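>>> coords please:
(2 chains)
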Amino acid sequence: MKKLLLMALTIYKIIVSPLLHQLLGVSRGCRFNPSCSEYTIMMVEDHGIVKGMKRGLKRVLSCSQFSFA
Amino acid sequence: METVGFLFDAALTKPIVTVLAGIYHGLLLLHVPYPLGFSLILLTVVMRIVLYPLTHSQLKASKQMQTVAPHLSRLKDKHKNDSKKLQTETMKLYKEHGINPAAGCLPLIIQLPIIWALYDAFQKIVNMSPDAAMRFVNNEVYISTFKLTMPWDLSFFGIPLGLSPSALLQTMPYLLLIPVITGVLQFIQSKMMILPKDPNEKKKSDDFATAFQTQSTYLFPFMIALFSYQLPVGLSLYWNTFTIFGILQQYQLQGWGGMKFWPSKSLIKNKK
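Modelled structure (predicted):
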């Protein structure tokens, strides 16, 4: 399960995300370093699915002026 | 899921169809030839103008982030094991370079459903017979004066908007130009986004992700060109108008970017 999730996140990071950049015509979308997807992958690896995804989601939501987290 | 579909329809599809019908009526009134094709183009331009501030802030932020990218990778190496420290150092770096961290990815995310809704509405419209399209439009428009009284003509300079270049290969082989143009425009756009690399910077280890990223400059335009070969001509009209506007906006912000150096660089390579 964890492996599957990590695979999905990696696919997003290296295929979906660049494709979105191509479609929208921007070279970089994420302002974080490491990027949200990299961070989520790290968190899921270290802390498991539930905690990792929770932290990743929190990270995505803390982006933008409408900080939710 | 149904409520999402309903909301999408009410908030995006219906307004899009309403504006499209409005533009179509205007063009009919002005006796513009091939009003449907020009309506698709005009609506895309209108959408791009509406999205202009969002795209502009996104492009600007993206450009700034590219200039600090080398610093970022240095920070990443330095604070490999301390993600908290890395975060604060990154924010400090942004502050130094005047990058607004509040810009975030939201402007990007907001654009996606709009782009998708345009695509969805256009593909429905061009895939229907003119009679069915008339019923669909009259059912969707918010302003009843925009209702169609006569089915429209799906041809644009003699090219049927509802058919793909692949379906028309036998009768109109010159339409192969459409995927070629689409691919070239995509390539120009992605090439423009890449700023010339600092030659002093050491070449970084080529892991799969970075290799893929360099390849994607060529791969994605090719992929999108393949799509446009299979998709109705009307959709290519939409997508290429969208891309041209994007290229212009990018040009306005930072000139030709990576595109400027590309021909000269490949010439040097060939000489060697």
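
>>> Quick check: which ranges of the chain have low pLDDT?
Because you didn't say which chain, this covers chain A. Filtered on pLDDT under 70, chain A yields the residue ranges A:33, A:64-69.

>>> wait, chain B
Residues of chain B that meet the criterion pLDDT under 70 lie in B:1, B:100-104, B:195-210, B:212-213, B:260-272.

>>> ranges for the strands of it?
Ranges of strands in chain B, per DSSP state E, are B:155-156, B:159-160.

>>> Nearest to residue B:187 among those strands would be which one?
strand B:159-160 (23.5 Å; C-beta to C-beta). Glycine gets a C-beta too; all of them are placed from N, C-alpha and C.

>>> Could you pull up the residues touching residue B:187?
B:217-218, B:221 (C-beta atoms under 8 Å, 6 or more residues apart in numbering or on different chains).

>>> Just the closest of these to chain A, please.
Taking C-beta to the nearest C-beta as the measure, chain A sits nearest to residue B:221 out of those, at 7.7 Å.

>>> The closest one and residue B:181 touch, don't they?
No. Applying C-beta atoms under 8 Å, one finds residue B:221 not in contact with residue B:181, separated by 11.0 Å.

>>> quick check, nearest of the contacts of residue B:187 to residue B:12?
residue B:221 (27.2 Å).

>>> So which of the strands of chain B is the most surrounded?
Greatest average neighbour count among the strands of chain B goes to strand B:159-160 (a mean of 19), per mean count of other C-beta atoms under 10 Å in any protein chain shown.

>>> Now do it: which elements does it pack against?
Strand B:159-160 sits against no helix or strand, with contacts defined as 3 or more C-beta pairs under 8 Å, 6 or more residues apart in numbering or on different chains; DSSP states H and E.

>>> Direction included, what does it pair against?
Its sheet considered, strand B:159-160 pairs with strand B:155-156 (antiparallel) by DSSP bridges.

>>> that older thread, include distance to residue B:231 when you put the strands of chain B into JSON lines, please.
Output for the strands of chain B, formatted as JSON lines (distance: least, C-beta to C-beta, whole Å):
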{"stretch": "strand B:155-156", "distance to residue B:231": "15"}
{"stretch": "strand B:159-160", "distance to residue B:231": "13"}
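
>>> dump the residue contacts of the residue of chain A positioned farthest from its centre.
Farthest-out residue of chain A from its mean C-alpha position, per C-alpha atoms, centre = their mean: residue A:25, at 19.6 Å. Residue A:25 is in contact with B:55, B:59, B:189-190, B:193, B:243, B:246-247, B:249-250, counting by C-beta under 8 Å, 6+ apart.

>>> next one: residue B:68
So residue B:68 contacts B:93-94, B:97, B:99 (C-beta under 8 Å, 6+ apart).

>>> Residue B:98 against residue B:64, yeah?
Yes. Counting by C-beta under 8 Å, residue B:98 touches residue B:64, with 7.5 Å between them.

>>> out of those two, which sits in the busier spot?
residue B:64 (18 against 7; other C-beta atoms under 10 Å in any protein chain shown).

>>> Stretch B:173-190: which residues count as buried?
For stretch B:173-190, a neighbour-count test (16 or more other C-beta atoms under 10 Å in any protein chain shown) marks B:175, B:178-179, B:181-183, B:185-190 as buried.

>>> for residue B:169, phi and psi?
phi -60, psi -40 (degrees, to the nearest 10).

>>> Quick one: end-to-end distance for stretch B:135-144.
End-to-end distance for stretch B:135-144, by C-alpha to C-alpha, to the nearest Å: 13 Å.

>>> How about stretch B:98-115?
Stretch B:98-115: ends 30 Å apart by C-alpha to C-alpha.

>>> need the contact list for residue B:249.
Residue B:249 is in contact with A:25, B:48, B:52, B:55-56, B:59, counting by C-beta under 8 Å, 6+ apart.

>>> next one: residue B:111
Residue B:111 touches A:24, B:51, B:54-55, counting by C-beta under 8 Å, 6+ apart.

>>> Residue B:211: neighbouring residues, count only.
By the other C-beta under 10 Å criterion, the neighbourhood of residue B:211 contains 11 residues.

>>> measure it to chain A for me?
Relative to chain A, residue B:211 is positioned 10 Å away (C-beta to the nearest C-beta, to the nearest Å).

>>> can you pull the contacts of residue 22?
This is for chain A. Residue A:22 sits next to B:186, B:189-190, B:216, B:220-221, B:224 when contact means C-beta under 8 Å, 6+ apart.

>>> Oops, wrong one, chain B.
B:143, B:146.

>>> and the gap between it and chain A?
Applying C-beta to the nearest C-beta to residue B:22 and chain A gives a distance of 27 Å.

>>> how close does that residue sit to residue B:42?
Look at residue B:22 and residue B:42: by C-beta to C-beta, to the nearest Å, they are 10 Å apart.

>>> Pick the one among the contacts of residue B:111 closest to residue B:81.
residue A:24 (33.6 Å).

>>> hang on, that closest one packs against residue B:58?
Yes. Counting by C-beta under 8 Å, residue A:24 touches residue B:58, with 7.4 Å between them.

>>> what sits in contact with each of the two?
In contact with both residue A:24 and residue B:58: residue B:108, using C-beta under 8 Å, 6+ apart.
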